[in-house]
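Chemist: Dropping a prediction and its sequence here:
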Amino acid sequence: PIDPVRYIANRSSGKQGHAIAAAAARAGAAVTLISGPVNLPDPPGVTVVHVVTARAMLQSVERALPVDVAIFAAAVADWRVAGAAEQKIKKKAGQSTPELSLVENPDILATIAKRKIQRPKLVIGFAAETENVAANAEAKLAAKGCDWILANDVSPATGIMGGDRNTIQLVTAQDIEPWPPQSKEDVAAMLIARIAAELVP
Ligand code: CTP
(Lines give C-alpha, C1' and ligand atoms only; values in the text may rest on other atoms or scores of the structure.)
Protein backbone atom coordinates (compact mmCIF):
# COMPACT_ATOMS: atom_id res chain seq x y z
CA PRO A 1 0.00 0.00 0.00
CA ILE A 2 1.13 3.56 -0.68
CA ASP A 3 1.06 6.24 2.03
CA PRO A 4 -1.13 8.81 0.33
CA VAL A 5 -1.21 12.61 0.50
CA ARG A 6 -4.95 12.67 1.27
CA TYR A 7 -6.66 9.85 3.03
CA ILE A 8 -9.68 8.75 5.09
CA ALA A 9 -9.05 8.16 8.77
CA ASN A 10 -10.86 7.72 12.06
CA ARG A 11 -10.22 10.22 14.80
CA SER A 12 -8.06 8.78 17.59
CA SER A 13 -5.41 10.09 19.96
CA GLY A 14 -3.85 6.65 20.52
CA LYS A 15 -3.70 7.37 24.26
CA GLN A 16 -5.52 4.23 25.39
CA GLY A 17 -3.47 1.87 23.24
CA HIS A 18 -0.19 3.50 24.29
CA ALA A 19 -1.21 3.31 27.96
CA ILE A 20 -1.96 -0.41 27.60
CA ALA A 21 1.39 -1.11 25.94
CA ALA A 22 3.21 0.82 28.69
CA ALA A 23 1.28 -0.97 31.48
CA ALA A 24 2.00 -4.39 29.97
CA ALA A 25 5.72 -3.59 29.73
CA ARG A 26 5.75 -2.36 33.34
CA ALA A 27 4.15 -5.68 34.36
CA GLY A 28 7.05 -7.53 32.73
CA ALA A 29 5.55 -8.54 29.39
CA ALA A 30 7.48 -8.47 26.11
CA VAL A 31 5.40 -5.94 24.18
CA THR A 32 5.14 -5.00 20.52
CA LEU A 33 3.04 -1.87 19.90
CA ILE A 34 1.84 -1.45 16.33
CA SER A 35 0.72 2.15 16.12
CA GLY A 36 -0.94 4.30 13.51
CA PRO A 37 -0.05 7.99 13.22
CA VAL A 38 -0.25 9.54 16.72
CA ASN A 39 1.29 12.53 18.49
CA LEU A 40 2.67 10.46 21.35
CA PRO A 41 6.20 9.36 22.23
CA ASP A 42 7.00 5.65 21.98
CA PRO A 43 6.44 4.10 25.43
CA PRO A 44 9.64 2.94 27.18
CA GLY A 45 10.53 -0.74 27.09
CA VAL A 46 8.24 -1.47 24.14
CA THR A 47 9.08 -2.49 20.56
CA VAL A 48 7.16 0.01 18.44
CA VAL A 49 6.21 -0.47 14.78
CA HIS A 50 4.78 2.62 13.07
CA VAL A 51 2.30 2.13 10.24
CA VAL A 52 0.01 4.39 8.22
CA THR A 53 -2.49 2.07 6.55
CA ALA A 54 -4.83 -0.68 7.78
CA ARG A 55 -3.21 -3.17 5.45
CA ALA A 56 0.26 -2.39 6.81
CA MET A 57 -1.10 -2.70 10.35
CA LEU A 58 -2.51 -6.18 9.64
CA GLN A 59 0.81 -7.25 8.09
CA SER A 60 2.76 -6.01 11.13
CA VAL A 61 0.36 -7.73 13.53
CA GLU A 62 0.76 -11.03 11.66
CA ARG A 63 4.55 -10.62 11.75
CA ALA A 64 4.43 -10.16 15.54
CA LEU A 65 2.84 -13.61 16.04
CA PRO A 66 3.00 -15.86 17.96
CA VAL A 67 1.92 -13.97 21.09
CA ASP A 68 0.02 -14.95 24.23
CA VAL A 69 -2.30 -11.94 24.20
CA ALA A 70 -3.35 -9.54 21.45
CA ILE A 71 -5.11 -6.29 22.26
CA PHE A 72 -6.70 -4.23 19.48
CA ALA A 73 -7.20 -0.61 20.44
CA ALA A 74 -6.57 1.05 17.08
CA ALA A 75 -9.28 3.16 15.46
CA VAL A 76 -8.81 1.50 12.08
CA ALA A 77 -10.55 3.12 9.13
CA ASP A 78 -13.16 0.68 7.85
CA TRP A 79 -12.82 1.93 4.26
CA ARG A 80 -10.13 3.32 1.99
CA VAL A 81 -10.41 5.00 -1.37
CA ALA A 82 -10.45 2.58 -4.30
CA GLY A 83 -7.56 3.12 -6.70
CA ALA A 84 -5.74 5.90 -4.82
CA ALA A 85 -4.04 8.34 -7.25
CA GLU A 86 -0.27 8.08 -7.71
CA GLN A 87 0.07 11.87 -7.76
CA LYS A 88 -1.63 14.53 -5.68
CA ILE A 89 -5.03 15.28 -7.23
CA LYS A 90 -4.91 18.98 -8.09
CA LYS A 91 -7.86 21.30 -7.64
CA LYS A 92 -8.67 23.07 -10.89
CA ALA A 93 -10.98 26.06 -11.32
CA GLY A 94 -14.44 25.16 -12.55
CA GLN A 95 -13.93 21.43 -12.01
CA SER A 96 -16.63 19.43 -10.26
CA THR A 97 -15.83 17.85 -6.87
CA PRO A 98 -14.23 14.40 -7.14
CA GLU A 99 -16.37 11.34 -6.49
CA LEU A 100 -14.73 8.86 -4.17
CA SER A 101 -15.48 5.18 -4.30
CA LEU A 102 -14.47 3.16 -1.28
CA VAL A 103 -13.33 -0.38 -0.66
CA GLU A 104 -13.34 -2.14 2.70
CA ASN A 105 -10.14 -2.40 4.71
CA PRO A 106 -9.24 -5.70 6.39
CA ASP A 107 -10.74 -6.20 9.84
CA ILE A 108 -7.52 -6.80 11.77
CA LEU A 109 -9.15 -7.96 15.01
CA ALA A 110 -11.50 -10.43 13.27
CA THR A 111 -8.68 -11.75 11.07
CA ILE A 112 -6.52 -12.57 14.10
CA ALA A 113 -9.42 -13.85 16.27
CA LYS A 114 -10.51 -16.28 13.55
CA ARG A 115 -7.06 -17.70 12.83
CA LYS A 116 -6.77 -21.47 12.92
CA ILE A 117 -3.04 -21.44 13.68
CA GLN A 118 -1.15 -19.13 16.06
CA ARG A 119 -4.35 -17.66 17.48
CA PRO A 120 -3.33 -15.80 20.66
CA LYS A 121 -4.73 -17.32 23.87
CA LEU A 122 -6.58 -14.07 24.55
CA VAL A 123 -7.84 -11.83 21.76
CA ILE A 124 -9.17 -8.55 23.11
CA GLY A 125 -10.89 -5.79 21.15
CA PHE A 126 -12.49 -2.44 21.81
CA ALA A 127 -15.93 -1.27 20.75
CA ALA A 128 -16.32 2.42 20.05
CA GLU A 129 -20.04 3.11 20.20
CA THR A 130 -22.27 6.15 20.31
CA GLU A 131 -25.53 4.37 21.26
CA ASN A 132 -26.69 0.99 22.67
CA VAL A 133 -23.15 0.50 23.91
CA ALA A 134 -23.51 -2.87 25.68
CA ALA A 135 -25.77 -4.47 23.06
CA ASN A 136 -23.56 -3.35 20.18
CA ALA A 137 -20.46 -4.56 22.01
CA GLU A 138 -22.00 -8.00 22.63
CA ALA A 139 -22.82 -8.27 18.94
CA LYS A 140 -19.25 -7.23 18.07
CA LEU A 141 -17.79 -9.87 20.41
CA ALA A 142 -19.71 -12.57 18.55
CA ALA A 143 -19.14 -11.18 15.04
CA LYS A 144 -15.40 -10.73 15.47
CA GLY A 145 -14.80 -13.98 17.37
CA CYS A 146 -12.71 -12.33 20.08
CA ASP A 147 -12.65 -13.23 23.78
CA TRP A 148 -13.20 -9.86 25.45
CA ILE A 149 -14.40 -6.46 24.32
CA LEU A 150 -13.77 -3.20 26.14
CA ALA A 151 -16.78 -1.14 25.20
CA ASN A 152 -16.76 2.63 25.48
CA ASP A 153 -19.15 5.42 24.60
CA VAL A 154 -17.38 7.77 22.21
CA SER A 155 -20.25 10.27 21.90
CA PRO A 156 -18.74 13.79 21.93
CA ALA A 157 -20.43 14.57 25.27
CA THR A 158 -18.42 11.84 27.08
CA GLY A 159 -15.05 13.48 26.21
CA ILE A 160 -13.50 10.01 25.91
CA MET A 161 -12.23 10.57 22.37
CA GLY A 162 -8.99 12.47 22.65
CA GLY A 163 -9.45 12.85 26.42
CA ASP A 164 -7.45 11.44 29.32
CA ARG A 165 -10.27 9.46 30.97
CA ASN A 166 -12.33 6.46 29.94
CA THR A 167 -15.39 4.56 31.14
CA ILE A 168 -15.35 0.91 30.13
CA GLN A 169 -17.77 -1.97 30.19
CA LEU A 170 -15.87 -5.24 29.92
CA VAL A 171 -17.91 -7.61 27.76
CA THR A 172 -17.09 -11.33 27.86
CA ALA A 173 -19.07 -14.37 26.72
CA GLN A 174 -20.23 -14.70 30.34
CA ASP A 175 -21.18 -11.20 31.43
CA ILE A 176 -20.85 -7.45 31.24
CA GLU A 177 -18.77 -5.79 33.92
CA PRO A 178 -19.02 -2.02 34.36
CA TRP A 179 -15.70 -0.40 35.31
CA PRO A 180 -15.57 2.93 37.13
CA PRO A 181 -14.73 6.13 35.26
CA GLN A 182 -10.93 6.45 35.51
CA SER A 183 -7.83 7.63 33.69
CA LYS A 184 -6.75 5.78 30.57
CA GLU A 185 -3.63 4.72 32.55
CA ASP A 186 -5.86 3.15 35.24
CA VAL A 187 -7.97 1.39 32.58
CA ALA A 188 -4.71 0.00 31.19
CA ALA A 189 -3.51 -1.20 34.60
CA MET A 190 -6.88 -2.81 35.36
CA LEU A 191 -6.88 -4.60 32.00
CA ILE A 192 -3.33 -5.91 32.44
CA ALA A 193 -4.21 -7.19 35.94
CA ARG A 194 -7.29 -8.97 34.54
CA ILE A 195 -5.24 -10.54 31.78
CA ALA A 196 -2.59 -11.73 34.24
CA ALA A 197 -5.29 -13.32 36.43
CA GLU A 198 -6.78 -15.05 33.37
CA LEU A 199 -3.45 -16.45 32.17
CA VAL A 200 -2.17 -17.49 35.60
CA PRO A 201 -5.28 -18.16 37.73
N1 CTP B 1 -10.93 -3.10 14.13
C2 CTP B 1 -9.94 -3.71 13.36
N3 CTP B 1 -9.91 -3.53 12.02
C4 CTP B 1 -10.84 -2.75 11.40
C5 CTP B 1 -11.86 -2.11 12.18
C6 CTP B 1 -11.86 -2.31 13.54
O7 CTP B 1 -9.11 -4.43 13.92
N8 CTP B 1 -10.78 -2.59 10.08
C9 CTP B 1 -10.98 -3.37 15.58
C10 CTP B 1 -10.77 -2.16 16.49
O11 CTP B 1 -9.40 -2.00 16.78
C12 CTP B 1 -11.57 -2.57 17.71
C13 CTP B 1 -12.72 -3.38 17.13
O14 CTP B 1 -12.28 -3.84 15.86
O15 CTP B 1 -10.85 -3.41 18.57
C16 CTP B 1 -14.01 -2.64 16.99
O17 CTP B 1 -13.80 -1.44 16.30
P18 CTP B 1 -15.00 -0.41 16.13
O19 CTP B 1 -14.50 0.79 15.39
O20 CTP B 1 -15.70 -0.23 17.44
O21 CTP B 1 -16.03 -1.21 15.23
P22 CTP B 1 -16.08 -1.65 13.73
O23 CTP B 1 -15.55 -3.03 13.62
O24 CTP B 1 -15.44 -0.62 12.87
O25 CTP B 1 -17.67 -1.70 13.51
P26 CTP B 1 -18.74 -0.49 13.36
O27 CTP B 1 -18.00 0.57 12.57
O28 CTP B 1 -19.86 -1.12 12.63
O29 CTP B 1 -19.11 -0.05 14.75
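Modeler: That came in fine, so what should we check first? Numbering: from 1, shown residues only.
Chemist: Pull the distance from the longest strand along the chain to the chain's centre.
Modeler: If you go by DSSP state E, the chain has its longest strand at strand 122-129. From the chain centre to the centre of strand 122-129 is a distance of 7 Å (C-alpha atoms, centre = their mean, to the nearest Å).
Chemist: hmm, the longest helix along the chain in reach of the ligand?
Modeler: Taking DSSP state H as the criterion, the chain has its longest helix at helix 184-199. No: using C-beta under 6 Å from any ligand atom, helix 184-199 never reaches the ligand; the gap is at least 12.7 Å. C-beta here means a position set from N, CA and C on the backbone, and glycine is covered the same way.
Chemist: and that helix, what does it pack onto?
Modeler: helix 15-26, strand 69-72, strand 122-129, strand 165-166 (3 or more C-beta pairs under 8 Å, 6 or more residues apart in numbering; DSSP states H and E).
Chemist: Would you single out the least confident of these?
Modeler: Note on the helices and strands packed on helix 184-199: lowest mean pLDDT is at strand 165-166, with a mean of 94.
Chemist: who touches the following helix or strand past that one?
Modeler: Counting by DSSP states H and E, the next helix or strand C-terminal to strand 165-166 is strand 168-172. With contacts defined as C-beta atoms under 8 Å, 6 or more residues apart in numbering, strand 168-172 is touched by 127, 133-134, 137-138, 141, 147-152, 176-179, 187, 194.
Chemist: and those residues, which of them are in strands?
Modeler: A127, W148, I149, L150, A151, N152, I176, E177, P178.
Chemist: Could you report the neighbour count for the first one?
Modeler: Residues lying near A127 (other C-beta atoms under 10 Å) number 22.
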